[in-house]
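[1] fold the following for me, if possible:
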Amino acid sequence: MLRSTIGMIAVLMLTGAAEAAPLTVQVEGAIPGQGSILVGICSGSLDFGSCRYSQTVQPPAAEFQVAFPDVPDGSYAIAVFQDTNGNNNLDRDQRGLPLEPYGFSNGTGRTAPPSFEAARIIVTGPTLAKVRIARSPLAR
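    Numbering: from 1, shown residues only. Alright, predicted model coming up:
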């Protein structure tokens, strides 16, 4: 009886836990020396408030990688922007259009408002996602 109980607990532990793996975001198009880069791994929407995982880094080069070591398997979208004025916000004009360099996974959001579905990536094990940030045409 004890052996079967221990065996059942072991099976439940193996099947009940969500897998977690590294997610590496390759950022392209950064401008070194022009402000920090905020990288968010979002679930459900592209609002930075829905980003369960985030990091702020000083870009060492125009292209670099940011590692998130333990991201559970699932659907996510990546939102990135360069905070050129250091206020930790993506500044927007009165119409809501970005004034600072930004980008999303799958290259979405360049010609129309981004959607979570268009930017969605699936994480199942180690994953590499690329995001190209581009200067907003409205940049100051």
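[2] what about Phe68, neighbour count?
    By the measure other C-beta atoms under 10 Å, the count of residues near Phe68 is 22. No exception for glycine: its C-beta is placed from N, CA and C like everyone else's.
[3] now the one 5 residues further on
    Residues contacting Asp73 under the criterion other C-beta under 10 Å number 14.
[4] Ser105 now?
    Here the number of neighbours of Ser105 (other C-beta under 10 Å) works out to 25.
[5] contacting residues for it?
    For Ser105, the contact set (C-beta atoms under 8 Å, 6 or more residues apart in numbering) comprises 76-78, 119-121, 129-131.
[6] got those residues as a markdown table, with neighbour count columns?
    Below are the contacts of Ser105 laid out as a markdown table (neighbours: other C-beta atoms under 10 Å):
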| residue | neighbour count |
| --- | --- |
| Tyr76 | 27 |
| Ala77 | 26 |
| Ile78 | 26 |
| Ala119 | 22 |
| Arg120 | 18 |
| Ile121 | 18 |
| Ala129 | 19 |
| Lys130 | 17 |
| Val131 | 22 |
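[7] among those, name the ones in helices.
    Among those, DSSP state H puts Ala119 in helices.
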